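A.B. asks: sequence and predicted model, in that order:
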Amino acid sequence: MACTAGWLITGALLLTAACGDDDGAGSGGGGSAAPPAVVATLGLWADVVDRVACDGLEVTTLVPAGADPHGFEPSLADRARLGEAALVVANGLMLEESLADTIEAAEDDGTPVFRIGEHVDTIGAAPGEDGHEHDGADPHFWFDPTRVSAALPALGEALATATGLDEAAIEGCVARYQDELAAADAEVAAILGEVPEPQRKLVTTHASLTYLADRYGFEVIGTVIPGTSTLAEAGPASLEALARAVEAAGVGAVFVEEGQAVDDVRALAERVGDVEVVTLATDTLGEPGTATDSYIGLLVTAARLIANGLT
């Protein structure tokens, strides 16, 4: 009995459908070889890898949809998956800070790792409560699609080297995807361009929209949690200072990242008054068929929510 292999995307996780038969045709007998396996830390990077490779790879996601990439703790099974991968694609810049040691251990054992953040022009991290920059560079660069686009040729080269896929074919896939990202950038700019200049002010749970603000002409007034990591904590003094800044700036909405606690955000909104709390998907993709089931969909959806919240 013949069987055809396929892929099923559930949320951001790309799963390989196993197949076999009763007469052993799966071992020899003309069956095609399984595609090389690549592990991406986040669903959005799995989607990007899939587009760069033109669906020629088995791509799985390490951090489950909805989980916080800053604090996700890998299992022994996750460590084994990293060791068996042809390539690991990570954000880098300490976004996956609780995964960093495990990824480095796999790399030391011979698994190639491509950190996209090493191939983009980054922005310095927001200062912490003591006024010092703790993280070196803000890791949320995917909110500027032009920076991601610039990193795609290097990603394509790493994929070709690690998996044996045809480099010329990957270059074609990269060029087509870069065109799509350019169109997405223009769409996001048009959506956010509807926000009047006095209202182009952002407040978020943590510093996740700095690149969006830089690209599309917004000002980040402040964050509930200081810095770029969700593992930090908000203090009463910093919350009171932020409330005063929000009130003085006339901010109309506070944006909370999907999956993050909202108690401090709601308390801030109530303290100021007349401030909407808007939930954004910032680093996790949605279920297939939803508006945020791809990297580009995530960008465009976030832009619409921001524009609606501020106008």
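C.D. replies: Here it is on my side, so go on. Numbers count the residues shown, from 1 in each chain.

A.B. asks: next structured bit after the longest helix belonging to the chain?
C.D. replies: Using DSSP state H, we find that the single longest helix of the chain is helix 167-192. As assigned by DSSP states H and E, the chain's next helix or strand after helix 167-192 is strand 201-204.

A.B. asks: what's that following strand packed up against?
C.D. replies: Contact partners of strand 201-204 among helices and strands, from 3 or more CB pairs under 8 Å, 6 or more residues apart in numbering; DSSP states H and E: strand 219-223, helix 236-249, strand 253-257. Yep, even glycine has a C-beta here, placed from its N, CA and C like the rest.

A.B. asks: now find how far off-centre the first one is within its chain.
C.D. replies: Right, strand 219-223. In terms of CA atoms, centre = their mean, to the nearest Å, the centre of strand 219-223 is found 20 Å from the chain centre.

A.B. asks: residues of that strand that come out buried?
C.D. replies: Neighbour counts over strand 219-223 (16 or more other CB atoms under 10 Å) mark 220, 221, 222, 223 as buried.

A.B. asks: cool, and the second one?
C.D. replies: Of the residues in helix 236-249, those buried under the neighbour-count criterion (16+ other CB under 10 Å) are 238, 239, 242, 243, 246.

A.B. asks: for those residues, which one is nearest residue 102?
C.D. replies: residue 238 (31.6 Å; CB to CB).

A.B. asks: what about the closest one, distance to residue 244?
C.D. replies: Distance, residue 238 to residue 244, by CB to CB, to the nearest Å: 11 Å.

A.B. asks: got it, and residue 211?
C.D. replies: For residue 211, the distance to residue 244 equals 26 Å [CB to CB].

A.B. asks: do the same with residue 42
C.D. replies: 35 Å.

A.B. asks: can you give me the pLDDT of the nearest residue to residue 62 once chain neighbours are set aside?
C.D. replies: Closest residue to residue 62 apart from its sequence neighbours, by CB to CB, 6 or more residues apart in numbering: residue 41 at 4.9 Å. On pLDDT, residue 41 comes in at 96.

A.B. asks: I figured residue 78 hits residue 105, correct?
C.D. replies: No - look at residue 78 against residue 105 with CB atoms under 8 Å: they stay out of range, at 11.4 Å.

A.B. asks: residue 293: helix or strand, and which one exactly?
C.D. replies: Assigned by DSSP H and E, residue 293 falls within no helix or strand.

A.B. asks: distance check, it against residue 47.
C.D. replies: Taking CB to CB, one finds residue 293 at 8 Å from residue 47.

A.B. asks: next, the buried residues of stretch 150-164.
C.D. replies: If you call a residue buried by 16+ other CB under 10 Å, then stretch 150-164 has these buried ones: 151, 152, 153, 155, 156, 158, 159, 160, 162, 163.

A.B. asks: ugh, wrong one, stretch 247-267
C.D. replies: Of the residues in stretch 247-267, those buried (16+ other CB under 10 Å) are 251-260, 262, 264-265.

A.B. asks: among those residues, which two are most distant?
C.D. replies: Checked with CB to CB, the buried residues of stretch 247-267 reach their widest spread between 252 and 259, with 23.3 Å between them.
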